[in-house]
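K.L.:
model the following, please.
(chains A and B)
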Number of protein chains: 2
Amino acid sequence: MRRWNGWGDESDLYDLNEDARAFLRERVGEGHPPRDATLDESLQAVPASRLSGSARFSVDPRLRLLHARGQSFPDWVAMKAGRFGPVADAVACPASHEEAADALVEAQQQGAVVIPYGGGTSVVGHLQVPAGERPVVNISFERMNRLLAYDERSQLATFGAGTPGPQIEAQLRGHGMLLGHFPQSYPFSTIGGWVVTRSSGQQSLRYGRIEQMFASGRLVTPRGTMTIGGVPASSAGPDLREFVLGSEGRLGLLTEVTARVRPLAAVEDFHAIFFPAWEPAVEAARAIVQAEVPLSMLRLSNEIETETQLRLAGHPELIKWLQRYLGMRGIGSGQCMMVIGVTGTLGETRRMRRDALAVAKPYRGVHAGKAIGKGWAKNRFRGPLLRNALWDAGYAADTVETAVNWPQATATMRAIEAAARETFYDQNERVHAFTHLSHVYRQGCSVYSTFVFRSAGDPDADLERWRRLKSRVSAAIVEHGGTISHQHGVGVDHAPYLVHEKGALGLDVLRAVAQELDPQQMMNPGKLFV
Amino acid sequence: MRRWNGWGDESDLYDLNEDARAFLRERVGEGHPPRDATLDESLQAVPASRLSGSARFSVDPRLRLLHARGQSFPDWVAMKAGRFGPVADAVACPASHEEAADALVEAQQQGAVVIPYGGGTSVVGHLQVPAGERPVVNISFERMNRLLAYDERSQLATFGAGTPGPQIEAQLRGHGMLLGHFPQSYPFSTIGGWVVTRSSGQQSLRYGRIEQMFASGRLVTPRGTMTIGGVPASSAGPDLREFVLGSEGRLGLLTEVTARVRPLAAVEDFHAIFFPAWEPAVEAARAIVQAEVPLSMLRLSNEIETETQLRLAGHPELIKWLQRYLGMRGIGSGQCMMVIGVTGTLGETRRMRRDALAVAKPYRGVHAGKAIGKGWAKNRFRGPLLRNALWDAGYAADTVETAVNWPQATATMRAIEAAARETFYDQNERVHAFTHLSHVYRQGCSVYSTFVFRSAGDPDADLERWRRLKSRVSAAIVEHGGTISHQHGVGVDHAPYLVHEKGALGLDVLRAVAQELDPQQMMNPGKLFV
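P.N.:
Reported below is the predicted structural model:
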């Protein structure tokens, strides 16, 4: 069963061995395991519904609680402390586009605010229930989780918006096809959620971001249903798909998504390449992507993340052998690990590997083989489980990510980490901050930083710590001209920073679009922009 | 000097030899050369300006006339007959972003409508001057034609919006780079025009459409200047670049464009492949693009266009040899010609060619070598010059284009051609209609049809013929679910059909965006949507 107050399935544990714990003690100090609220305690705090329920809408407190929060830091603190705050008054789980449209009409008649619910994996507060006079409902797509149509000749597949990653790929595999969207949230996040948050998967280098996959869709707005897109390309005015991508529920319910899919590849491998230091490594990353070596992935960890990953991996003997080998090749402390993905026919994957290694060579990149890459691939969706283990050991974790052009990459990374590390100097608390470039483009790259610090042992104090950290690192991002999010979206946590990216006029435009389709401002208010 | 009432430079002639003329006589009948108005006659009909002129705005009748029309069929009839109709009251040619912004403010103070002018190559009426009470001004970007900044590390180049294709590539070549946007209008059309009309170049298979090249830009709106885009990718809300792409001047003046550029390739060749008939040819096109052979171009002519191109090419002896060879390979009448582009290192181009030919083989594709491809490449921007020669010989020509998913490709093509051919049955006039797929995608392809028919010898009758033809072929496009334009934009000619693609709500959204940035509706009114 899925955890009601954390990440993943309850049976899925991340083992934090003694070596890993020693590393954490060394970096941020001894953690103090918390005492979390139970589900029963949390349920008792759920306020009474202001709606009476209907054939479409359930007012069951448990169902309402389970749809009340996502995976942002404030969501976690709320769930762990059993202080959920406002909870939707009712939840609908339509099974089709038509039922979803009917649910929206019913919500409209009730004067309710609607929060669309996909996989519940938002890390920026997309699901936050607003406090206020108006009743609030969740419309959840969990029953709309199937392949609805497949056009073999156009390589198009239509899914219910609530179809999560594994169901998408399982249903396509029967046709010999795949979508190829693999964000870390893949086991739970949904195709509809990916579209409305402009998601990006780990292998976007080959498969593209969700923007490139999204061919068409149906959007139920408060003013009626729109069919968006459908042709391979068009010069007939602005592309309405791009208005829906990133709209975060403000325009309506995205009920169905038609995606561009492609044949399964014969071979897929991941290789590790180690570099002696950050500067040559980032130059190699740039050189590889600008040489257009058609890798399916390129991910580069900085020296702190490289060390952290190797220490937390739980295989100290293997790491010793690796270090012996790297040492012989002139790579010691300060080493940075790159993982590349090669996907295609056997010949193609060999060529990609050869070409990438050739470009990396002048930057002193050393090929460390497939074993580490295989290990990375095996655990590629398990990263968030570490957060559970950390929390139970008394540590809090959060991430931020941005994207910048190449000249700003290193400065942005250093500034984010420095801002994080210095946040709690006054409290004598340390933050362990480490970073990787998760996506690379010819123009630039994403910068993805993780922070680990000790829980305060008190929800208000935890939240206060997080607020200080978040505002400092966000300011560093804005100062370096980065986007406030490359792959997580805006939600409520990033909304204050959006104006730096879109400008005041740009925000006016986004508001005008929402106002046009949602004159009563019933759709997910407060998210994306105020 | 550029032709004031036709396409291209006055010194640039398209030779229509006797064989070509015989072919036209055979297909549509004997043409009757027209008597066109002279520039002096046309100038005499220019109405007096309603503005008094200023340091920024000239009221010179010749300058106003030269900015009054584009290259749409109605534009041609107007220019040839010297019946220009409404002409802007004044023309500004700012030399910088700041001067353009100042010109917009002055226009605003005058209560004037603004028509932005790029290369003057629109074929759908983007430049049409509205009749009415409000004065009208052109703001032309012809002096904003330079490379303004180059970021080598991010492979970004910033240009003045009025920089035409050849100047872009000449300035980039000095850095060893290229943009790679090659629409047929390339010698005259501009980077700003490409963005606001969502242009696509002949080699978009390698270089992408302008959407993929457009990294950022500056937009002067009636409410102030916006800076749009700038990072490699973002999930922070809808992408405002996509609001500007295809906005056709409705939102403001796009003054500067930063584009993603890349290194010049070492080798570029074009190869012809002939197929025995249309059906296997279109299946081969689909198979090649879905196999993701990284060609830089794939263009497939149907049987009528293949015959027409070979007849009009002016090399009857060479064609005879070609046909002898194709005949030996089992390819006779009904043959369809595909031209593929291979661009990259020598090894890459060899591999692409080999892979494309291997995929084409089961469809009975026969490689006809590089000579025909070379001929195509040599004349790749000269197609529009044929329109001059046809006109002088008494024939009118126009084109339509759309994009559809693969299952609709053939039916759409046949329906467009049939609709065109039957248009003038009641007048005993024939239309010679032929088609190629100009762009291919995994999802589908564009369908690009050309029509040649006899001029009526009278502007009103010519326009009436065109209106009937245009409305019939547009109806066929809409009926088959095609976009009303894959690469030409909407302008005034396609505006009535946009609702089929965007829906009524979609049009409301586009109107709301324009209204937000341009509350006085001064920016290019009547274009894109009413």
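K.L.:
could you chop chain A up by domain?
P.N.:
For chain A, automatic domain parsing gives the domain ranges A:267-378, A:383-490.
K.L.:
of all those domains, which lies closest to chain B?
P.N.:
domain A:383-490 (3.8 Å; C-beta to the nearest C-beta). C-betas here are computed from N, CA, C, even on glycine.
K.L.:
returning to what we had before: which of the domains of chain A sits most buried?
P.N.:
Among these, domain A:383-490 has the highest mean neighbour count (mean count of other C-beta atoms under 10 Å in any protein chain shown), at a mean of 21.
K.L.:
about what we covered before: tell me which of the domains of chain A lies nearest to residue B:297.
P.N.:
Counting by C-beta to C-beta, residue B:297 lies closest to domain A:267-378 out of those; the figure is 17.1 Å.
K.L.:
now check the closest one, is it near chain B?
P.N.:
Yes. Using C-beta under 8 Å from any C-beta of the partner chain, domain A:267-378 reaches chain B at A:286, A:290, A:292, A:294.
K.L.:
just send the domains of chain A back as TSV, with mean pLDDT too.
P.N.:
What follows is the domains of chain A, written out as TSV (pLDDT from 0 to 100):
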stretch	mean pLDDT
domain A:267-378	96
domain A:383-490	97
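K.L.:
and the two most separated of the residues of domain A:267-378 next to chain B?
P.N.:
Top of the distance list for the residues of domain A:267-378 next to chain B (C-beta to C-beta): A:286 and A:294, 16.1 Å.
K.L.:
so which of the domains of chain A comes closest to residue B:463?
P.N.:
domain A:383-490 (46.2 Å).
K.L.:
correct me, but residue A:96 touches residue A:144?
P.N.:
Yes. Residue A:96 is in contact with residue A:144 according to C-beta atoms under 8 Å; the separation is 6.8 Å.
K.L.:
looking at the two, which one has more neighbours?
P.N.:
Between residue A:96 and residue A:144, counted using other C-beta atoms under 10 Å in any protein chain shown, residue A:144 has the larger neighbour count: 25 against 15.
K.L.:
returning to what we had before: overlap in contacts, residue A:96 and residue A:144.
P.N.:
Residues within reach of residue A:96 and of residue A:144 at once, by C-beta atoms under 8 Å, 6 or more residues apart in numbering or on different chains, are A:160, A:255.
K.L.:
which strand or helix spans residue A:115?
P.N.:
strand A:113-117 (DSSP states H and E).
K.L.:
same question but for residue A:271, I mixed them up
P.N.:
Applying DSSP H and E as the criterion places residue A:271 in strand A:267-275.
K.L.:
and the next element down the chain from that strand?
P.N.:
helix A:278-290.
K.L.:
how far does the next helix or strand after that next one sit from its chain's centre?
P.N.:
Using DSSP H and E, the helix or strand that follows helix A:278-290 towards the C-terminus is strand A:297-301. Centroid displacement of strand A:297-301 relative to its chain, using C-alpha atoms, centre = their mean, to the nearest Å, is 16 Å.
K.L.:
I'd like the next helix or strand past strand A:297-301.
P.N.:
helix A:303-312.
K.L.:
for whatever residue of the stretch 51-200 of chain A ends up closest to chain B, what are its contacts?
P.N.:
Nearest residue of the stretch 51-200 of chain A to chain B, counting by C-beta to the nearest C-beta: residue A:198, 3.7 Å away. Contact analysis of residue A:198 by C-beta under 8 Å, 6+ apart lists A:209, A:210, A:211, A:245, A:246, A:487, A:489, B:234, B:235, B:236, B:237, B:239.
K.L.:
roughly how far apart are the closest residue to the first one other than its chain neighbours and residue A:65?
P.N.:
Nearest-residue entry for residue A:209: residue A:200, 4.5 Å, with adjacent residues in sequence omitted and distances by C-beta to C-beta, 6 or more residues apart in numbering or on different chains. Taking C-beta to C-beta, to the nearest Å as the measure, residue A:200 falls 30 Å from residue A:65.
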